[in-house]
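Q: Mind folding the following:
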Amino acid sequence: MTKGITQRAVGETIDEFLLIKQSVKGVTTTGNPFMSLVLQDKSGDIEAKLWDTKDEHEKVFAAETIVRVGGEIHNYRGKNQLRIKSIRPAKPEENQSIADLMPSSSKTTEELLEDVMQYLFKMENPHIQRITRHILKKYQQQFLTFPAATRNHHDYVSGLADHVVSMLKLGDAIAGIYPSLNKDLLYSGIILHDIGKVFELSGPIATTYTLKGNLLGHISIMVTEIEKAAEELDIDSEEVLLLQHMVLSHHGKEEWGSPKKPMIKEAEMLHYIDNIDAKMMMLDRALEKTKQGEFTERLFPLDNRSFYKPTID
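A: So this is what the prediction gives:
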């Protein structure tokens, strides 16, 4: 089986088809134009620079373009990068498919939906269950296919649903240890906390932030969606406020993007669960491409630390 782009070691050369996930133009300190590319295959993505670019390159090498790339893996400031030696758009007769170059969940959308619905059926509070079901049904297709982010964690097809399913399992285990937690609030908060990403992000292919995402963000979008759902269902009760607070506070601190800090214990727990799942995903991904007895590349979201991969099994 051919190794993916993220499994290549420093010094290895490549000559293969990759998908441009992100493409941004820039200018060096000496005024020379260049492009920063993020290239991906099923295994994940890698950064690359294209030097001395011309205006037409911006269209030729735009996001969502499949390219044939030749180059060499090198280490730049603790991270693997691709040094491009040749690059051209794929030709129609080469029959390359975007779907074949995109990472995706190991589960089908049907399996992911079934996993989520199990927890919806467990909810006993009718207001919480109805609001959660209403919103989930409204955005079900996007929820099941969108990534959870543009980079770092669950940034692949169906990553959003994958993230939520892992969090639900974690929340269920924690609620078993701490029975004073309101399971309905916790399950609903987990399901709803990131559904605003279906507005914030452009979709599963070459994901970028939308105008609405940049100006409002998924948290404030979701608070409005909960209010709209409550109005459509004619629900006027404390549960509506509690669910809005769960979403508003799930990043934990103002400097991490939360308009409010958690003020109920279920919101505090939602923040921890979200953090655990995102960070475990980042660690697993980094360690997968690291040999035993060596350190990972520096992980910016984890305080720019490198992690050691033990030689023990």
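
Q: List the contacts of the longest helix seen in the chain.
A: Ranked by residue count under DSSP state H, the longest helix found in the chain is helix 265-288. The set of residues external to helix 265-288 that reach it, using C-beta atoms under 8 Å, 6 or more residues apart in numbering, is 6-7, 44, 148, 152-154, 163, 166-167, 170-171, 174, 178, 180-182, 185-186, 189-190, 193, 242, 245-246, 249-252, 258, 262, 296-297, 299, 301-302, 307, 309. Heads up, the C-betas are built off the backbone N, CA and C, glycines and all.

Q: Okay, helices next: where are they in this structure?
A: Counting by DSSP H, the helices of the chain are 57-60, 109-122, 126-138, 140-145, 159-177, 183-192, 197-200, 211-215, 217-232, 238-248, 265-288.

Q: Among those, which comes closest to residue 66?
A: Residue 66 sits nearest to helix 57-60 of all the helices of the chain, at 12.0 Å, using C-beta to C-beta.

Q: mind listing what's buried in the closest one?
A: Using 16 or more other C-beta atoms under 10 Å as the burial criterion, the residues of helix 57-60 that qualify are residue 57.

Q: repeat for stretch 100-108
A: 101-105.

Q: What mean pLDDT does it get?
A: Mean pLDDT, stretch 100-108: 90.

Q: Show me the shaky parts of this protein.
A: 1, 255-257 (pLDDT under 70).

Q: per-domain residue ranges of it.
A: The chain breaks down by the TED database into domains covering 5-100, 109-285.

Q: Kindly check the end-to-end length of the last one for me.
A: Spelled out, that is domain 109-285. 22 Å (C-alpha to C-alpha, to the nearest Å).

Q: go on, stretch 132-145?
A: 18 Å.

Q: Pull the distance from that stretch to the chain's centre.
A: 17 Å (C-alpha atoms, centre = their mean, to the nearest Å).

Q: Would you indicate which residues of it are buried?
A: Those would be 132-136, 138-140, 142-145, for stretch 132-145 by 16+ other C-beta under 10 Å.

Q: Out of these, which comes closest to residue 18?
A: residue 145 (21.6 Å).

Q: what's near enough to touch that closest one?
A: 109, 157-158, 161, 203-204.

Q: Just the buried ones among those, please.
A: 109, 157-158, 161, 204.

Q: got these as a markdown table, with distance to residue 121 columns?
A: Putting these into a markdown table (distance: C-beta to C-beta, whole Å) gives the following:
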| residue | distance to residue 121 |
| --- | --- |
| 109 | 19 |
| 157 | 26 |
| 158 | 21 |
| 161 | 17 |
| 204 | 27 |
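
Q: and which of those is nearest residue 228?
A: When the buried ones among the contacts of residue 145 are compared against residue 228 (criterion: C-beta to C-beta), the nearest one is residue 161, at 21.9 Å.

Q: still on that earlier bit, closest to residue 11 out of the helices of the chain?
A: With C-beta to C-beta as the measure, helix 265-288 is the member of these nearest residue 11 (19.4 Å).
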